[in-house]
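Enquirer: please work out how this folds:
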Amino acid sequence: MIRLDSLTKVFDTPKGAVVAADHISMEVPAGEICILLGPSGCGKTTTLKMINRIVRPTSGKVFINGDDTTGMDTQTLRRNIGYVIQQIGLFPNMTIEENITVVPRLLGWDKARYRERARELMAMIALEPDAFLKRYPSELSGGQQQRIGVARALAADPPVMLMDEPFGAIDPINRAVIQDEFLKMQQALNKTIMFVSHDIDEAIKMGDRIAIFREGRLVQYDTPDDLLTAPKDAFVESFLGEDRALKRLNLVKVREIVSDEIGSVTPSDTLETALARIDDFGYSNAILMVNDKRQPAGIVSRSVARTTKGYCRDHFQSVPAAVHLDDDLRKVASLMFAHDITWLPCVDDDGRVCGQITQRAITSHLGSRYRARQAADATAAKE
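Expert: Presented below is the predicted three-dimensional model:
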């Protein structure tokens, strides 16, 4: 959907020519989010702004959906590209409805259509239309204004969106909420998005692909997992941080490594049965007790089962935590550390136990990419 062909920008300054973007070539497939990442002054924002011609390229081309935009009228180009900036840029003298519908009104939409579009978008960004549409930007919080900025960019249903640190000025709690809402919206909208960020964790969470810039050059362009697994050089490795292996926890869902081999007992089972099943499975010092709906109901420990007589229903502890199939491994690891346990039950949408996840499985999964990379490097070296 977006293709940059040797895109270059040279600024003339009193001290001479400064190359802000140096022959940037990359492609962003339709429906994907591409994050431009790098230190301040590396050229990521300049590259973004050349796409909608806020900054005019010195050389090179921008293609949108296969069309060379070089000869395209600037206003037409911009009306087909949604644009969201960190400072939001809402018009203070316009109501929220008027802000959202700026581009549809310029495009000649009739009143009923653009008003309906505004209400639809307000619902999408989780703000009540009747409560907010007639307000002015000054009456909203910073996080609410940022959501309106996103809605305005989406108003004319553009195929492409450009976002320049759109969540950077929002406090961490609201930022996480808005990021999650935006990703849910993206699943339905399927826009092609280029997104400037300075936050590595945001890039990993939001991006299908990440482009690392340095001093105006594109250093590496990869999926988050490939980037974290195989940084191209020392700069990328340093920029990603020494904990880049842990950052990969954000990328893997429980469903990818869940095991359906999980032992369990019912409240009516004896502690002798519980001890036998703990020994059968051999992965823990406890076993999960489930109710008649196969939902987690408690934990029976080995020490209790070995030294006590009776039934599980009378000798269990509460379940410390359970994880959903769509949770990421970062949440799983956090719960394991918090509760000092090495396994957790996994549940489906109805809360029924569908498997388990272990520390060993997490370690094995994360390490498999590195082992595969080492094997590939060794093979290449022999050849």
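Enquirer: helix or strand next in line after the host helix or strand of T46, which one?
Expert: Per DSSP states H and E, T46 falls inside helix 44-51. Under the assignment DSSP H and E, the closest C-terminal helix or strand after helix 44-51 is strand 59-64.
Enquirer: tell me which residues of that next one are tucked away?
Expert: Across strand 59-64, burial judged by 16 or more other CB atoms under 10 Å covers G60, V62, I64. For every residue, glycine as well, the C-beta is placed using N, CA and C.
Enquirer: how about residues contacting the very next helix or strand once past it?
Expert: Downstream of strand 59-64, the next assigned helix or strand under DSSP H and E is strand 67-68. With CB atoms under 8 Å, 6 or more residues apart in numbering as the test, strand 67-68 has contacts from K61, V62.
Enquirer: next structured bit after strand 67-68?
Expert: helix 74-79.
Enquirer: show me what whichever helix or strand comes after that following helix is packed up against.
Expert: Next along the chain after helix 74-79, taking DSSP H and E as the criterion, comes strand 81-85. On a contact count with 3 or more CB pairs under 8 Å, 6 or more residues apart in numbering; DSSP states H and E, strand 81-85 meets helix 142-154, strand 160-164.
Enquirer: re earlier: could I get the buried residues of strand 59-64 as a markdown table with pLDDT and distance to R3?
Expert: Formatted as a markdown table, these follow (pLDDT from 0 to 100; distance: CB to CB, whole Å):
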| residue | pLDDT | distance to R3 |
| --- | --- | --- |
| G60 | 94 | 11 |
| V62 | 94 | 8 |
| I64 | 92 | 8 |
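Enquirer: which residue packs closest to D280, ignoring adjacent ones?
Expert: Spatial nearest neighbour of D280, chain neighbours left out: G263 (6.4 Å); criterion: CB to CB, 6 or more residues apart in numbering.
Enquirer: what's the burial count for the one you found?
Expert: 18 (other CB atoms under 10 Å).
Enquirer: what angle sits between the helix holding T46 and strand 59-64?
Expert: Computed by axes from the mean of the first three to the mean of the last three CA atoms, to 10 degrees, the angle separating helix 44-51 from strand 59-64 equals 70 degrees.
Enquirer: can you pull out the low-pLDDT segments for the protein?
Expert: 86-88, 169, 282-283, 372-381, 383 (pLDDT under 70).
Enquirer: quick one: buried residues of stretch 258-272?
Expert: So stretch 258-272, judged by 16+ other CB under 10 Å, has buried residues V258, I262, G263, S264, V265, T266, P267, D269, L271.
Enquirer: now do the same end-to-end measure for it.
Expert: Distance across stretch 258-272, first residue to last, is 28 Å (CA to CA, to the nearest Å).
Enquirer: cool, and stretch 134-145?
Expert: 14 Å.
Enquirer: re the thing from before, ok, which of the helices and strands packed on strand 81-85 comes nearest L228?
Expert: Closest of the helices and strands packed on strand 81-85 to L228 is strand 160-164, at 22.1 Å (criterion: CB to CB).
Enquirer: using PDB, write out every CA atom in that closest one.
Expert: Only the C-alpha atoms of strand 160-164 are listed here, as PDB (Å, rounded to 0.1, in the frame of the first residue of the first chain):
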ATOM      1  CA  VAL A 160      -3.600   5.200   4.700                       C
ATOM      2  CA  MET A 161      -2.900   6.800   8.000                       C
ATOM      3  CA  LEU A 162       0.200   8.700   9.200                       C
ATOM      4  CA  MET A 163       0.800   9.000  13.000                       C
ATOM      5  CA  ASP A 164       3.500  11.100  14.500                       C
END
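Enquirer: for that strand, packing partners?
Expert: Packed next to strand 160-164, using 3+ CB pairs under 8 Å, 6+ apart, are helix 44-51, strand 81-85, helix 142-154, strand 192-197.
Enquirer: what's the angle between the following helix or strand past it and helix 142-154?
Expert: Past strand 160-164, further along toward the C-terminus, the next helix or strand under DSSP H and E is helix 172-189. With the same axes, to 10 degrees applied, the angle from helix 172-189 to helix 142-154 works out at 20 degrees.
Enquirer: now for helix 172-189, which elements pack on it?
Expert: Using 3+ CB pairs under 8 Å, 6+ apart, helix 172-189 is in contact with helix 142-154, helix 200-206.
Enquirer: got these as TSV, with distance to V160 columns?
Expert: Formatted as TSV, the helices and strands packed on helix 172-189 follow (distance: least, CB to CB, whole Å):
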stretch	distance to V160
helix 142-154	10
helix 200-206	16
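Enquirer: would you turn the ones you listed into CSV with mean neighbour count and distance to N93?
Expert: Formatted as CSV, these follow (neighbours: other CB atoms under 10 Å; distance: least, CB to CB, whole Å):
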stretch, mean neighbour count, distance to N93
helix 142-154, 22, 15
helix 200-206, 21, 32
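Enquirer: out of those helices, which gets nearest to R105?
Expert: Ranking the helices and strands packed on helix 172-189 by proximity to R105 (CB to CB) places helix 142-154 first, at 11.6 Å.
Enquirer: let me know the outermost residue of the protein.
Expert: Using CA atoms, centre = their mean, the residue of the chain lying farthest from its centre is K309. It sits 49.6 Å away.
Enquirer: that residue belongs to a strand?
Expert: No: counting by DSSP: H, G, I helix; E, B strand; the rest coil, K309 is not found in a strand; it is coil.
Enquirer: start to end distance for stretch 342-351?
Expert: End-to-end distance (CA to CA), stretch 342-351: 21 Å.
Enquirer: which outside residues touch that stretch?
Expert: 254, 258, 262, 283-284, 288, 293, 295-296, 319-325, 332, 335-336, 353-360.
Enquirer: quick one, domains of this protein?
Expert: Domain assignment for the chain, taken from automatic domain parsing, gives 2-252, 255-363.
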